[in-house]
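[1] Got a sequence here, can you model it:
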Amino acid sequence: MEKIYKILKIIFDAKFIWSKPKHSDILIYDSNMVEFISPYITKYKSDIIHTRLEKIYLYILMKLLIKFSLKNLLLNYTKIFIELSKPKIIITATDNDINFYKLKMEVKSVKFKTIAIQNGHRTIDAPDILNYYKDFNESKLASDYILCFFSELGKEYEKIIQCKSITIGSFLNNINFEYKKYNQEKSIKNFFWISQYRYRPLDSNIFDENSLTENQKNNFINKTVGEHMSLEKKILPIMYKFCKEKNIKFNILSSYKKTKKKEILIAEKNFYKNIINDPDWEMNENKKKNRTDVYKILLEEADIVAHNDSTLGYESLARGIKTISITEKKSFYLDIVPKFSWPSKFDYKGPIWTNSDDENEILRLLNFIYSVNNDDWNNYIHTVKDKIMQTDSDNKIFSNLIEKLIKNDKI
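    Residues are numbered from 1 along each chain as shown. The predicted structure follows:
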């Protein structure tokens, strides 16, 4: 019944297009981040393969019904889309979609290059694409290029996918990239905790175990949303007390954009109200209009940032913002311990990170990041940031790669 409901919802929500896809130089696979990729490809003909079926070409759908069964519907829909569009390049920012990596082998009638852009922090202490390696190491998964956060992570992609990894850092973080400039005479005034709150019942499981591969189920222990968020309940009061003593404003950066429903923003704020029993703090829930506004907020307002192994936390470090990381959240696997900036080979504890929620450890990080002078901070961060998150201002590497591939007639 649930499956039928989902199918009916897709049909009623989708926009149907009566024509067939036109020729395109570039196809974007999935609409994720399309508003940020599109400005870089405006001089080329482009189209979007809506893999979440927000828009459906009826011409392709009818052809599918005649030619194929409904098995592997999305993959076969994508294949026909590519055959009709005849692109030179296919790009995705959904780098954890396994079907994207099947396209090179599935579509033989059209020659094209594929580019996957890493869109989030990757890990092996929770189900993620890089847990797939034992399931798919015999499969022919391929992408000509994967643009990733840093070189060590690129090597992990190359273990499971036939590809060339190119280090660019975070595509979104590179847009209008600016490095934090601390004023030598300015005191520390604003502390930001990066929220990873999700609007779901606290007793619901984080992962649907039916969606996991056999390898991902090995030694797997599911957790509820409440259990997963328990770290905040322990460490935020410690951080808040530290900020009060140092006369620093305590802020929580909402995980949701301003455009989200009001009840979601209220629920997130109430979650943190139950943790911090004091009204003297602020949640910046009304400033994020899109996914890149957050960088401006941190650059202009944050003096210190803290996070729990989040993509934004690593992007903050790449911008030179004084940032500490707590990776204590329990692993979903019995045999894996979470590590700072995996797979870089850092110790479990360092000057700006720890895998412990012990109060003394949290205070150690806070005292270091509060007291370190700006010159020492800049010298230190440059010794580690390439193992955490590299940068490519305005995504020049991506732009040059697109131009090179479009001009190359032998692709």
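[2] nearest residue to the most centrally placed residue in the chain other than its sequence neighbours?
    Nearest to the mean C-alpha position of the chain, by CA atoms, centre = their mean, lies residue 120 at 2.0 Å. Here the nearest residue to residue 120 in space, its sequence neighbours aside, is residue 311; by CB to CB, 6 or more residues apart in numbering that works out to 4.9 Å. In short, each C-beta sits where N, CA and C put it, glycine included.
[3] confidence score at that neighbour?
    At residue 311, the model reports a pLDDT of 96.
[4] is it true that it touches residue 118?
    No: in this structure, residue 311 is not within contact of residue 118 by CB atoms under 8 Å, at 9.5 Å.
[5] Name the residues contacting each of these two.
    residue 170 (CB atoms under 8 Å, 6 or more residues apart in numbering).
[6] Same drill for those two, tell me which one is more crowded.
    residue 118 (25 against 20; other CB atoms under 10 Å).
[7] So the more buried one versus residue 146, what's the distance?
    7 Å (CB to CB, to the nearest Å).
[8] Any chance you could list residues touching both of these two?
    Joint contacts of residue 118 and residue 146 (CB under 8 Å, 6+ apart) are residue 95.
[9] Tell me how far the residue lying farthest from the centre of the chain lies from residue 59.
    Distance from the C-alpha centroid of the chain peaks at residue 66, with 38.1 Å (CA atoms, centre = their mean). In this view, residue 66 and residue 59 are 11 Å apart by CB to CB.
[10] what residues are shared contacts of the two?
    In contact with both residue 66 and residue 59: no residue, using CB under 8 Å, 6+ apart.
[11] And the strands in this protein?
    15-17, 26-29, 46-49, 55-57, 89-92, 113-117, 142-148, 162-167, 190-194, 249-253, 282-283, 304-307, 322-326, 353-354 (DSSP state E).
[12] Turn the ones you listed into TSV, including mean pLDDT, distance to residue 106 and mean neighbour count.
    What follows is these, written out as TSV (pLDDT from 0 to 100; distance: least, CB to CB, whole Å; neighbours: other CB atoms under 10 Å):
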stretch	mean pLDDT	distance to residue 106	mean neighbour count
strand 15-17	84	23	11
strand 26-29	98	13	25
strand 46-49	96	13	20
strand 55-57	89	18	17
strand 89-92	98	12	26
strand 113-117	98	12	23
strand 142-148	97	10	21
strand 162-167	96	14	17
strand 190-194	97	39	23
strand 249-253	95	41	21
strand 282-283	91	46	16
strand 304-307	98	39	24
strand 322-326	97	40	25
strand 353-354	96	41	24
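[13] As a markdown table, these with distance to residue 218 would be great.
    Below are those laid out as a markdown table (distance: least, CB to CB, whole Å):
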| stretch | distance to residue 218 |
| --- | --- |
| strand 15-17 | 41 |
| strand 26-29 | 30 |
| strand 46-49 | 33 |
| strand 55-57 | 37 |
| strand 89-92 | 28 |
| strand 113-117 | 26 |
| strand 142-148 | 25 |
| strand 162-167 | 24 |
| strand 190-194 | 31 |
| strand 249-253 | 35 |
| strand 282-283 | 39 |
| strand 304-307 | 29 |
| strand 322-326 | 27 |
| strand 353-354 | 28 |
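[14] hmm, back to that, which pLDDT value belongs to the residue nearest to the centre of the chain?
    If you check residue 120, the pLDDT there is 94.
[15] now do the one 4 residues further on
    Looking at residue 124, its pLDDT stands at 87.
[16] Can you tell me how far it is from residue 164?
    Taken as CB to CB, the span from residue 124 to residue 164 is 22 Å.
[17] now do residue 100
    From residue 100 to residue 164 the distance is 16 Å (CB to CB).
[18] again with residue 354
    35 Å.
[19] what's near enough to touch the residue nearest to residue 388 when sequence neighbours are not counted?
    Distance criterion CB to CB, 6+ apart; nearest residue to residue 388, sequence neighbours excluded, is residue 341 at 4.7 Å. Counting by CB under 8 Å, 6+ apart, residue 341 touches 150, 314, 353, 387-388.
[20] TSV for those residues, including distance to residue 55?
    Shown next, in TSV, are the contacts of residue 341 (distance: CB to CB, whole Å):
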residue	distance to residue 55
150	35
314	33
353	43
387	40
388	37
